[in-house]
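1. when you get a sec, could you give me coordinates for this:
(2 chains)
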Amino acid sequence: MEPLLEAGPFSARDGEGRLLFSDAVVRLPTATAIVLDGPSGSGKSTLLRHVTGLTGDPASSGGGAAARTLKGETFQGESLPVWRTRVTLAAQDAPMLPGSVRHNLEFPYRFRCAGKRRFDVDRARPLMDEVGLEIPVDRDVSTLSGGERHRLAVVRGLLWDPAVLVADEPLSGLDADAAATCFELLLGFAHRPGHALLAVLHHRELGARADARIRLEDGRLEVV
Amino acid sequence: MNGELIALGPVQLAVATGLVAIAGAISLLLRLSLEKRLAIAALRTVIQLGLVGLILERVFALRNPWLVVGLVLVMTVFAAREAVARASRGYRGIGADAWLAIAGSCLIVGSIVTQVVVGVEPWYHPQYVIPLIGMILGNSLTGIAISLDRFLEHLAVRSAEVELYIAYGATRREALTPPLRAAVRTGMIPIMNSMAAAGIVALPGMMTGQILAGSPPLQAVAYQIVVMFMIAAASSFGAMASAVIAGRRFVGADGTLRLDKLREKSAG
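-> Next up, the predicted model:
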């Protein structure tokens, strides 16, 4: 069966020029949650940035150009912003914009590539309550704790509802209950047809509940 | 109305040098160890202005349009160099980009002011063109220096925010809007301050010079207003152009942030 998403082959080196991975291809079947693991420093975050197109494909590095395909449609160059609206990275450390909680949930809907998506605070509220973020949406994000920021980032990703959510340690800083609740929501998102989740997780027990695991080690990407 | 111009000779300048000596004495007294730098700066002022004076005398006398254009070009090159000299961050090609922003500012603001507002006749009349372009250059330079510094700082320090925009599908233009706004806003602060304070806190330098040189105050005021607005246009244009040009280098058409191009310079 044709995968929902196929991206690669990607090759990358770290800051010192050491090879992180080469010719890595990521394939995600529809309606699946997949966990990416591997030793620290193996390049997991770098691979997620390649998949989501945050790191470009340097023409100078040689090798075949990487392709990014979603539901049979290929994205490259100037169509990458559209790709990112559909294959969205929830980056490590839950980055936030200065301003209110609402601003942090709402900003992407104003982008040109957002298309017909509209921000709906009535959908945000119950989702925030569900992950235990019982705070007003006009609260300044600088007053949130690290755990609250991570939960807000999960809410932002789920509300945005891309085809594929790519999450880099979305549950870090969360206690076991909150992590389980958030992961449950992420699984619910991923298991709908036409959707998938690719996540790096540091919670081993939760990770075991994913549908499959791929492992990045010694520069190779393997399905386990 | 025109008073006689009191000519300044070597003796008068020597006395003025004594004024710098006061600043030097204060530096010695407070152990600021600025004497040496002060002396060098004062010396540079004398030599640079002296050379400029000699060149201007020749250029004014010759009245050759190519000479004026050539001099303006040379001035833009120096201005571009100064604009990036003290930045704490840089990138490959920053000098060329600064020159482009400065040249654009000169061409647009300069031609409107000299050809339309003042209506210089002939178009290259050096006595008007060179000082006016000089003012535009000096202020675009400040706008560019501040704006570029702020822009690159935003990209470096707040890259996570820029990439958050990009991760959710921002186009290049959308991703660059917040740093661009911060940069231009900061780049315009000096001219906003001097426009607001003009005449109240201090008589602007050019107006002071004109009055000292014997112009009627209202004429000096008219020129000063033209110059103020010209400076506002030049510094905001410079600030915006330099940030837009730099932005295109750091965010590709595919919307990826290329921070690897950024170079940190040690402060100094």
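
2. show me the beta-bridge partners of A:Asp140.
-> Beta bridges link A:Asp140 to A:Ser100, judged by DSSP bridges.

3. which pLDDT value belongs to it?
-> At A:Asp140, the model reports a pLDDT of 97.

4. what's the neighbour count on it?
-> By the other C-beta atoms under 10 Å in any protein chain shown criterion, the neighbourhood of A:Asp140 contains 13 residues. For glycine as for every other residue, the C-beta is placed from the backbone atoms N, C-alpha and C.

5. may I have the phi/psi pair for residue 30?
-> Because you didn't say which chain, this covers chain A. Note on A:Thr30: backbone dihedrals following degrees, to the nearest 10 are phi -70, psi 150.

6. wait, chain B was what I had in mind.
-> According to degrees, to the nearest 10, B:Leu30 has phi -90, psi 10.

7. count the neighbours of it for me.
-> Residues near B:Leu30, counting by other C-beta under 10 Å, number 9.

8. got the residue ranges for the strands in the stretch 51-200 of chain B?
-> For the stretch 51-200 of chain B, strands defined by DSSP state E, counting those that start in this stretch occupy the ranges B:89-91.

9. give me every residue in it lying close to chain A.
-> B:160-161, B:163-171, B:174 (C-beta under 8 Å from any C-beta of the partner chain).

10. hey, what's the residue nearest the centre of chain A bridged with?
-> What sits nearest the mean C-alpha location of chain A, by C-alpha atoms, centre = their mean, is A:Val166, with 1.8 Å. Taking DSSP bridges as the rule, A:Val166 bridges to A:Leu89, A:Leu198.

11. flag the shaky bits of the chain, pLDDT-wise.
-> In the absence of a named chain, this looks at chain A. For chain A, the stretches flagged by pLDDT under 70 are A:1, A:57-64.

12. right idea, wrong chain: chain B
-> Low-confidence segments of chain B, defined by pLDDT under 70: B:1-4, B:201-202, B:266-268.

13. can you pull the contacts of the residue of it positioned farthest from its centre?
-> Each residue of chain B has a distance to the centre, and by C-alpha atoms, centre = their mean the biggest one is for B:Tyr168: 37.7 Å. Taking C-beta atoms under 8 Å, 6 or more residues apart in numbering or on different chains, we find B:Tyr168 in contact with A:84-85, A:88, A:107-108, A:111, A:160.

14. how close does B:Leu203 sit to chain A?
-> According to C-beta to the nearest C-beta, to the nearest Å, B:Leu203 and chain A sit 40 Å apart.

15. residue contacts, that residue?
-> B:Leu203 sits next to B:Ile211 when contact means C-beta under 8 Å, 6+ apart.

16. around chain B, which positions in chain A sit nearby?
-> A:52-56, A:76-78, A:80-82, A:84-85, A:88-91, A:93, A:95-98, A:107-108, A:111-114, A:160.

17. what about burial for those residues, which qualify?
-> Among those, those scoring as buried are A:52-56, A:80-82, A:84-85, A:88-91, A:95-96, A:107-108, A:111, A:113-114, A:160 (criterion: 16 or more other C-beta atoms under 10 Å in any protein chain shown).

18. what's the burial count for the closest residue to B:Phe237 other than its chain neighbours?
-> Closest residue to B:Phe237 apart from its sequence neighbours, by C-beta to C-beta, 6 or more residues apart in numbering or on different chains: B:Ser105 at 4.6 Å. Look at B:Ser105: counted by other C-beta under 10 Å, it has 29 neighbours.

19. all strands of chain A, in order?
-> According to DSSP state E, chain A carries its strands in the segments A:5-13, A:19-28, A:32-37, A:67-70, A:73-75, A:87-90, A:164-168, A:196-200, A:212-217, A:220-223.

20. what distance separates the longest one from the centre of its chain?
-> Relative to the centre of its chain, strand A:19-28 is centred 16 Å away, using C-alpha atoms, centre = their mean, to the nearest Å.

21. repeat for the fifth one
-> Mean-position distance between strand A:73-75 and its chain equals 18 Å (C-alpha atoms, centre = their mean).

22. who does that strand touch, helix- and strand-wise?
-> Identification of packing neighbours for strand A:73-75 by 3 or more C-beta pairs under 8 Å, 6 or more residues apart in numbering or on different chains; DSSP states H and E yields strand A:67-70.

23. now do the buried residues in the strand it packs on.
-> Neighbour counts over strand A:67-70 (16+ other C-beta under 10 Å) mark A:68-70 as buried.

24. adjacent strands (with direction) for it?
-> Short version: by DSSP bridges, strand A:67-70 pairs with strand A:5-13 (antiparallel), strand A:73-75 (antiparallel).

25. which residues does it contact?
-> Around strand A:67-70, the neighbours that count as contacts under C-beta under 8 Å, 6+ apart are A:4-8, A:51, A:53, A:74-76, A:80, A:83, A:86-87, A:163-164.

26. which residues touch B:Phe60?
-> Going by C-beta under 8 Å, 6+ apart, B:Phe60 touches B:126-127.

27. quick check: it vs B:Ile6, distance?
-> 21 Å (C-beta to C-beta, to the nearest Å).

28. likewise for B:Met188?
-> For B:Met188 relative to B:Ile6 (C-beta to C-beta), the value is 38 Å.

29. these two: which is more packed in?
-> For B:Met188 versus B:Ile6, the count of surrounding residues by other C-beta under 10 Å is larger for B:Met188: 20 against 9.

30. A:Asp218: neighbour count?
-> Other residues close to A:Asp218 by other C-beta under 10 Å number 10.

31. next up, phi/psi of it, please.
-> Dihedral angles (degrees, to the nearest 10) for A:Asp218: phi 50, psi 40.
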